[in-house]
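Engineer: sequence-free structure coming up:
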């Protein structure tokens, strides 16, 4: 039987990529080990592992929430993850338009800037879904 940690690590790697997870694991210390376990089991092993909605939909929701709350570093990280979730450039544009209406134009403006820069980096690496 797989544990929440096993499921979480598999899901986390599928969404964020091995390189990101390997960096996070290598940076883990005794100070934040419990927090990393909490994220892996709760966010990745429960929420993201659920089949209730698609990873594409989760990706859109997550980016909109992070943008609305001003968590810019996390917005960029989840934009990069769209190459694995199936959320397209158009999907994220629509999610950020919702942010403008429901969370405010400044939050959406900042997120659009981050998304544009992140997508430009991804395009140079050949990892952008246009539709």
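Structural biologist: Now that the structure is in, tell me what you want to look at. Computed from a prediction, not measured in an experiment: that's the story for all the values here.

Engineer: what's the burial count for the nearest residue to residue 110 once chain neighbours are set aside?
Structural biologist: Leaving aside its chain neighbours, residue 110 sits nearest to residue 72 (6.5 Å; criterion: CB to CB, 6 or more residues apart in numbering). Just so you know, the C-beta spots here come from the backbone N, C-alpha and C atoms, and that holds for glycine as well. Other residues near residue 72 come to 14 when the count uses other CB atoms under 10 Å.

Engineer: Domain-wise, how is this protein divided?
Structural biologist: As assigned by automatic domain parsing, the chain contains the domains 1-52, 54-131.

Engineer: mind listing what the residue nearest to residue 110 touches?
Structural biologist: 110, 111, 114 (CB atoms under 8 Å, 6 or more residues apart in numbering).

Engineer: Tell me which helix or strand the spatially most central residue of the chain sits in.
Structural biologist: Nearest residue to the geometric centre of the chain (CA atoms, centre = their mean): residue 78, 2.6 Å. Assigning secondary structure by DSSP states H and E places residue 78 in helix 72-85.

Engineer: Pick the most deeply packed of the domains of the chain.
Structural biologist: Compared across the domains of the chain, domain 54-131 shows the largest average neighbour count, a mean of 17 (mean count of other CB atoms under 10 Å).

Engineer: before we move on, the earlier item: tell me how far the helix holding residue 78 lies from the chain's centre.
Structural biologist: Relative to the centre of its chain, helix 72-85 is centred 4 Å away, using CA atoms, centre = their mean, to the nearest Å.

Engineer: average pLDDT for it?
Structural biologist: Helix 72-85 shows a mean pLDDT of 97.

Engineer: Stretch 121-129 too?
Structural biologist: For stretch 121-129, the mean pLDDT works out to 80.

Engineer: Also stretch 4-20?
Structural biologist: For stretch 4-20, mean pLDDT rounds to 97.

Engineer: That concludes my questions; thank you for your assistance.
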